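Trainee: sequence first, predicted coordinates after that:
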Amino acid sequence: MSKFLHNLNRMVSIIIVNYNTKNFIIQCLNSIGKYAPKDTEVIVVDNASTDESMEEIKITNQKLKVIENKENLGYAKAVNQGIKVAKGDYLFILNPDTKLTKDAIDKLLEFTKIHPDAGVVAPQLLNSDGSVQPSCYHEPTIFNAIKEYFLGIKSAYDKYAPRGNTPKQVDAVVGAAMFIPKITIEKVGLLDERFFMYFEDLDFCRRVRRSGLSVYYLPTSEIFHEHGGVTRTVPEQARNWLIQSSIIYHGRVKHTLLTIVLWLGQKWKRLVEFSQ
């Protein structure tokens, strides 16, 4: 029992990528200071922000490890910069528009320690009003898109939140909050830096599953997430990043077919709803 408790106290490194998130990241850091275990390492990687957020970060009372890039290197590459300098046995990749709740990290840590197959564990994400935010994916195949948009099978393609209060194995989770044992990185590798933003989470989870490890959703660990808070200020850039990343993830032919299926499916869905 004492060995188990000792293992639970191993260090966690939180990695946050900042890009003009002044309105969110200070709240995130404050929640970490309030709810994270004492020996938690916090790494902030800044992608050349211009909104004075780094000035705000530097005057917080927290002990932070800061990496400041001279240009926006993209999300995956910035996360990898944080991973490379992290000293923790566990990595917690967090978006700056998240806020911890009490015991959120402890529950992730405990679950991961008693499930050695856990390559990624994701907490339940909550909207600001406390409602549950969809944060899991099935593999985004053309067949799943057809099931969702033409056959009416909900959550076959779009994000969903598993029901119940027990842990669930899932295909993939959103990258807003991913708890990863460092041994997963040793086995699977870093995030794929071809993805400037978007799909890096789906790609990483797919590689985790292919390596023989599992991706878990842990609803007893809760974190608030301001969905879209990071990309809201750059909608056109975000759209371009999404398309580019989809092409990398699916391949150009599959991306094109999926785009057609989704466009036709959404038209069909609206037509069915209108006729009812």
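Mentor: Cool, got the structure.

Trainee: which residues in this structure form helices?
Mentor: Assigned by DSSP state H, the chain shows helices spanning 2-8, 22-35, 53-58, 75-85, 104-114, 142-149, 182-188, 200-210, 235-250, 252-275.

Trainee: tell me what the third one is packed against?
Mentor: Under the contact criterion of 3 or more CB pairs under 8 Å, 6 or more residues apart in numbering; DSSP states H and E, the helices and strands touching helix 53-58 comprise strand 12-18, helix 22-35, strand 41-47, strand 65-69. Where you see a C-beta, it was placed from the backbone N, CA and C, and this is true even at glycine.

Trainee: can you give me the buried ones in the longest one?
Mentor: Put plainly, it is helix 22-35. For helix 22-35, a neighbour-count test (16 or more other CB atoms under 10 Å) marks 22, 23, 24, 25, 26, 27, 28, 29, 31, 32, 35 as buried.

Trainee: for the first one, same thing?
Mentor: Counting neighbours by 16+ other CB under 10 Å, one finds that the buried residues in strand 12-18 are 12, 13, 14, 15, 16, 17, 18.

Trainee: any chance of TSV for those residues, columns pLDDT and distance to residue 85?
Mentor: Output for the buried residues of strand 12-18, formatted as TSV (pLDDT from 0 to 100; distance: CB to CB, whole Å):
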residue	pLDDT	distance to residue 85
12	97	14
13	98	9
14	98	13
15	98	9
16	98	13
17	97	13
18	96	15
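
Trainee: can you lay out those residues as CSV showing distance to residue 238?
Mentor: Putting the buried residues of strand 12-18 into CSV (distance: CB to CB, whole Å) gives the following:
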residue, distance to residue 238
12, 29
13, 27
14, 24
15, 21
16, 18
17, 14
18, 16
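
Trainee: re earlier: can you tell me which of the helices and strands packed on helix 53-58 is nearest to residue 236?
Mentor: strand 41-47 (17.3 Å; CB to CB).

Trainee: what does the closest one rub up against?
Mentor: Counting contacts by CB atoms under 8 Å, 6 or more residues apart in numbering, the residues outside strand 41-47 that touch it are 11-19, 25, 29, 32, 36, 53-54, 57, 62-69, 71-75, 78-79, 81-82, 85-88.

Trainee: just stretch 17-27 next, same as before
Mentor: Counting by CB under 8 Å, 6+ apart, 16, 44-54, 56-57, 60, 72, 75, 78-79, 82, 95-97, 99, 226, 229-230, 233-234 sit against stretch 17-27.

Trainee: sweet, I'm off.
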